[in-house]
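S.K.: Pasting a predicted model and its sequence here:
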Amino acid sequence: MAAHFLDTTLLKNCMDAVGVKSFRALALQSGVSRRQVEWLRQGQVSRLSVQSALRLAATLKLSLSELLHRFGDDCALLPESAPLEDSAQDYQRLEQALAHQKAYLLEHFQSEALNILESLLIQWPTAAHAAQNNPTLPAIRLIPLLKPLEQLLQSWEIEAIASISQIVPYDPTLHQWSAETAPPAVQHPVQVSHVGYRQRERLLYRAKVRPPKADAGSSV
């Protein structure tokens with residue numbers, strides 16, 4: 001009973017350190033069952049699979065060895081009596097879990113970065129377009145500095161929706177009407193005032209559009 005209390009207290013301390021509020025939240029964030037969290041609370045690490053232990057360790061921001069050291073022994077997940085075939089399967093599941101964890105962390109990082117860059121992504125193309133049409137503006141000197149940003153977006157497979165001043169058929173799923181008048185009918189010609197973005201099949205920001213200017217070119 002005392003050992004169970006110590007394991008529960010230790011687990012709560014680890015959860016507090018990473019902002020996990022409850023045992024239920026730990027299970028949800030780790031993608032494991034409540035029963036597996038209970039095994040961890042009770043110090044029964046030997047009942048966990050390698051994949052479950054890895055997920056719990058990642059959520060608690062611990063290495064696998066740290067998790068085993070705190071809640072069991074280093075051999076808990078692979079006892080000597082374990083068949084070689086089972087160990088190989090556990091290793092394969094471990095590799096798959098690591099790959100999924102890497103993909104999740106990359107997507108989370110990209111999402112956070114896009115939140116930071118949102119204002120720049122939306123406002124810069126309009127400012128750059130104005131500078132290019134008036135080379136006397138000092139801002140034109142800043143355009144080459146954004147090459148790294150363009151390369152970053154390309155590496156993340158993020159592409160612009162249309163270009164500034166382009167005439168396009170109005171599509172409310174891709175375009176945000178920015179004029180004070182009522183939006184036009186679908187497929188009606190509109191002019192892009194602010195670029196939108198999408199990442200592969202996922203829409204990030206809709207392009208802002210308005211009525212075409214009198215001197216606007218033909219639709220593209």
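M.R.: Received the coordinates, thanks. Bear in mind that the values here come from a model prediction, so they are computed numbers and not experimental data. Residues are numbered from 1 along each chain as shown.
S.K.: all strands for the protein, in order.
M.R.: Taking DSSP state E as the test, the strands found in the chain are 158-161, 167-169, 175-177, 189-194, 196-199, 202-205, 207-210.
S.K.: who touches the fifth one?
M.R.: Strand 196-199 is touched from outside by 110, 121, 153, 156-162, 174-176, 203-208, with contacts defined as CB atoms under 8 Å, 6 or more residues apart in numbering. Yep, even glycine has a C-beta here, placed from its N, CA and C like the rest.
S.K.: Which neighbours in the sheet does it have, and how are they oriented?
M.R.: Strands adjacent to strand 196-199 in the sheet, as given by DSSP bridges, are strand 158-161 (antiparallel), strand 202-205 (antiparallel).
S.K.: Could you report the separation of L146 from I161?
M.R.: Between L146 and I161 the computed distance is 18 Å (CB to CB, to the nearest Å).
S.K.: between these two, which one's more packed in?
M.R.: Neighbours around L146 and I161, counted as other CB atoms under 10 Å, are more numerous at I161. The numbers are 21 against 14.
S.K.: can I see the domain layout of this protein?
M.R.: Per automatic domain parsing, the domain ranges recorded for the chain read 2-82, 121-210.
S.K.: Can you get me the start-to-end distance on the longest one?
M.R.: Counting by CA to CA, to the nearest Å, you get 19 Å between the two ends of domain 121-210.
S.K.: The contacts of strand 196-199, buried ones only, as a ChimeraX selection?
M.R.: A single ChimeraX command selects the buried members of those (16 or more other CB atoms under 10 Å):
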select :121,153,158,160,161,162,174,175,204,205,206,207,208
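S.K.: now for the helix ranked longest in the chain, which elements pack on it?
M.R.: Counting by DSSP state H, the longest helix found in the chain is helix 84-133. Judged by 3 or more CB pairs under 8 Å, 6 or more residues apart in numbering; DSSP states H and E, helix 84-133 is in contact with helix 50-59, strand 189-194, strand 202-205.
S.K.: quick one: average confidence on the last one?
M.R.: The predicted model gives strand 202-205 an average pLDDT of 92.
S.K.: Kindly report the same for stretch 167-175.
M.R.: Looking at stretch 167-175 alone, the average pLDDT works out to 96.
S.K.: Could you check that stretch and say which residues are buried?
M.R.: By neighbour count, with 16+ other CB under 10 Å as the criterion, the buried positions of stretch 167-175 are I167, V168, Y170, L174, H175.
S.K.: can you check stretch 108-121 too?
M.R.: Those would be L114, L117, L121, for stretch 108-121 by 16+ other CB under 10 Å.
S.K.: Would you mind giving those as a markdown table with distance to G43 added?
M.R.: Conversion of the buried residues of stretch 108-121 to a markdown table gives the following (distance: CB to CB, whole Å):
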| residue | distance to G43 |
| --- | --- |
| L114 | 42 |
| L117 | 45 |
| L121 | 49 |
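S.K.: rewinding a little: to Y104, which of the domains of the chain lies closest?
M.R.: Distances from Y104 to each of the domains of the chain were compared using CB to CB; the shortest belongs to domain 2-82, at 9.1 Å.
S.K.: can you give me how far the closest one is from the chain middle?
M.R.: From the chain centre to the centre of domain 2-82 is a distance of 25 Å (CA atoms, centre = their mean, to the nearest Å).
S.K.: Q123 and L146: what is the separation?
M.R.: Here the criterion is CB to CB. By it, Q123 lies 12 Å from L146.
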